[in-house]
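In: Whatever this is, show me its structure:
(chains A, B, C, D, E and F)
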4 protein chains.
Amino acid sequence: MRKKDDEKQKCIKNAVVQLILEEGFQGASVSKIAKAAGVSPATVYIYYENKDAMLRDIYQEYTEDTISYLLQCLSPNMTGDEIIAELIRRYYYFIIENKEIFHFIEQFSGCPVLQSSCGVMRGPADLTQLLTELKRRQILNNYNNDNLYAILFSPVKSIAVKPCETEQMESERLDELIGIIQRILIKDI
Amino acid sequence: MRKKDDEKQKCIKNAVVQLILEEGFQGASVSKIAKAAGVSPATVYIYYENKDAMLRDIYQEYTEDTISYLLQCLSPNMTGDEIIAELIRRYYYFIIENKEIFHFIEQFSGCPVLQSSCGVMRGPADLTQLLTELKRRQILNNYNNDNLYAILFSPVKSIAVKPCETEQMESERLDELIGIIQRILIKDI
Amino acid sequence: MRKKDDEKQKCIKNAVVQLILEEGFQGASVSKIAKAAGVSPATVYIYYENKDAMLRDIYQEYTEDTISYLLQCLSPNMTGDEIIAELIRRYYYFIIENKEIFHFIEQFSGCPVLQSSCGVMRGPADLTQLLTELKRRQILNNYNNDNLYAILFSPVKSIAVKPCETEQMESERLDELIGIIQRILIKDI
Amino acid sequence: MRKKDDEKQKCIKNAVVQLILEEGFQGASVSKIAKAAGVSPATVYIYYENKDAMLRDIYQEYTEDTISYLLQCLSPNMTGDEIIAELIRRYYYFIIENKEIFHFIEQFSGCPVLQSSCGVMRGPADLTQLLTELKRRQILNNYNNDNLYAILFSPVKSIAVKPCETEQMESERLDELIGIIQRILIKDI
DNA sequence: GATGAATGAGAGTTCATTCAT
DNA sequence: TATGAATGAACTCTCATTCAT
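Out: Predicted coordinates:
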């Protein structure tokens, strides 16, 4: 009984991100979402207050999931180089393998009017805290947090959505980017 | 007969980007756009074939404008440091001063289903050519073009949309970012 | 959930033929139809895929109904005179008592662009078969099917829509027509 | 100067009947008509008061033309058989060769709401007068005028719009119909 | 909890018509 | 006279949401 509910909600979430990737926000009507999820439109309103709340909730959930997935790869005794390499590499493959989720988060977070309805989230705060901590431990250079964040995560997003011709080229490109960013961000001794 | 009124088309374009910034793609209906532009809904269809074509045309126009605006700052005898500083700084202030246009371009280009309707554009090709040329002249390090592009333009976008508390802090943050990227990209001698 | 309401679909059908009689195809907009049927415009689209499909479906349904209503009056042991008299008389009064339906069918079937969207229907085939059969049994003269059809059904339609001053005159006019057509079509012995 | 005007109006008339044949009344908007006629929408309003008046005027003109074309074939010393044969044959080929005009007249005259805006016309009165005259001269049987009219003109319309496989078959079918109607209507001596 | 029917509001678009040239 | 631009009204259709079962 409990299980069935969760599966329905999962279907809805999948349908949302899938549809938005394929047809854009415009094309993701409640009826289409319901049809794609294999439920009735009315059922959607059992799990979510309304459409805006649905998008917002799904956004927040996926955002938290994504960040905590990224942070899972870290362990206390890693070197700075390892931390950077792991974060970037993990993010890169997450994007590749979860196109719909990534696309949904990006589109949503890029829209002020949607963002404004979201409360504070845990994940982004954890990320900022991580960066601050790494600076405190003299692992990262003492750059402005916004700059750190921007250099660490923007370029990898940028290349992850541009496929190369071969997998090997993609791999080399990623390694090169990791090397560059390590050289910038890691505290010179 | 009346002549087609360029002023009117400008109003429509302004209304589109303004509305999409304030209310998102969802909120930018043709009627709202027309009202904001001070014309009748039917008038929109004199200047654009349909709504999709309107968004696409405006996107392509603003994209070309933006890139050619960026490239205008370059002159043949600049050093690598100057080129990077100028490009990033110019882009940064362009974003700050043209929030609506930047936001519109980002939202549009981030949506595959919209992008797919666009033909090839000149601006992006010019940018790629510039990077290739700078590598050939041994001004930039010989990194993968995608990486060069990602490092040069993604971080500045990321920070430009996060306002600081004071203008001075913003200015320092930008200078820091420029310094970092110069150090990464400029050919070590 | 509610069950689909046959009553509602009947209301829509009535509204369609009524409105088209009163205001022509031009005046029969979906909103007017919905209002006349006492439902919301959106409800129409639950029962029909779109406006064209609605008109087509209703046309086909009424056409089949009409023809099968006509053929109901026939029984195996009738003479040729009786068959002709019954068919014409029945058709005449059907038209008089179902003006809207008849008018709708005529207007629709007279428009090639509408007709072309219809698949083959049963009724017309049954009619042709009837005529062929009656010729085979040497009840009707061996005229071309098109001519038989034209003489049997066109004149009665023509007079049915022209009201006379008194009912008696109408009745005499109809009897006269029946007599004429019997004399033409019935196999001389 | 004068000639050019008349040609424009002719273009409009042609465009109207052509478009209505191809796309139905629904598809014949003023803009489409104007485009098909090679003029501006505004120009239409120089020649006609509004759209309804345009359709009505064109209908009346074509109706008069058609009837007077039919009557032209008659001459005082023709026999009854010749009169009937000529009228039917001429009508038949007129329909074949002027599909658009015939279709337009039929659709228009079949719609009460359109008909009601028309004043009395000369042609139909002439036709009725002809029939009355032929009865007076004991050429036609003394049937009710509506019946005479119905038998003389409805069947030929019915077959004229159903093409046969070969021209010869069409010709035979027409001859047969003419024969039948002659036998019905011509005063037995 | 789950559903398909039902809906008012609003979407994109075209209409018949007029205006300014 | 003739035009293409311009428009408010109306079009077809879909939306997010609720209702009755």
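
In: For DNA strand E, what is the nearest residue in chain A?
Out: Of all residues in chain A, the one sitting closest to DNA strand E is A:Ala42 (2.6 Å; Cβ to the nearest atom of the strand). C-betas here are computed from N, CA, C, even on glycine.

In: Next up, phi/psi of that residue, please.
Out: In this entry, A:Ala42 is assigned phi and psi values of phi -60, psi -30 (degrees, to the nearest 10).

In: Same check on A:Ile186?
Out: Residue torsions, per degrees, to the nearest 10, at A:Ile186 are phi -80, psi 130.

In: who's in contact with it?
Out: Counting by Cβ atoms under 8 Å, 6 or more residues apart in numbering or on different chains, A:Ile186 makes contact with A:Gly80, A:Asp81, A:Ile84, A:Ile139, A:Leu140, A:Asn141.

In: Pull the most distant pair out of these.
Out: A:Asp81 and A:Asn141 (13.1 Å; Cβ to Cβ).

In: Run through the residues that contact the residue of chain A closest to DNA strand E.
Out: A:Ala42 neighbours (Cβ under 8 Å, 6+ apart): none.

In: Break chain A into its domains for me.
Out: Under the assignment named as automatic domain parsing, the residue ranges that make up the domains of chain A are A:1-47, A:63-185.

In: which sections of chain A are below the confidence cut-off?
Out: A:1-4, A:188-189 (pLDDT under 70).

In: near DNA strand F, which residues of it?
Out: Applying Cβ under 7 Å from any atom of the strand, we find that chain A lies next to DNA strand F at A:27-32, A:41-42, A:44-45, A:50-52.

In: Which of those lies at the shortest distance from A:Tyr59?
Out: For A:Tyr59, the closest of the residues of chain A next to DNA strand F turns out to be A:Asp52, at 10.5 Å, with distances computed as Cβ to Cβ.

In: so the closest one sits right up against A:Ser117, yeah?
Out: Yes - with contact defined as Cβ atoms under 8 Å, A:Asp52 and A:Ser117 form a contacting pair (6.7 Å).

In: Can you tell me the element the residue nearest the centre of chain A falls in?
Out: Centroid-nearest residue in chain A: A:Thr66, 4.5 Å away (criterion: Cα atoms, centre = their mean). Using DSSP states H and E, the secondary-structure element containing A:Thr66 is helix A:51-71.

In: what's the following helix or strand after that helix?
Out: Moving toward the C-terminus from helix A:51-71, the first helix or strand encountered (DSSP H and E) is helix A:80-97.

In: Would you mind listing the buried residues in the helix or strand just after that following helix?
Out: Of the helices and strands lying after helix A:80-97 in sequence (DSSP H and E), the nearest is helix A:99-109. Of the residues in helix A:99-109, A:Lys99, A:Glu100, A:Ile101, A:Phe102, A:His103, A:Phe104, A:Ile105, A:Glu106, A:Gln107, A:Phe108 count as buried by neighbour count, 16 or more other Cβ atoms under 10 Å in any protein chain shown.

In: Equivalent analysis for stretch A:83-95, please.
Out: Buried residues in stretch A:83-95, counted by 16+ other Cβ under 10 Å: A:Ile83, A:Ile84, A:Ala85, A:Glu86, A:Leu87, A:Ile88, A:Arg89, A:Arg90, A:Tyr91, A:Tyr92, A:Phe94, A:Ile95.
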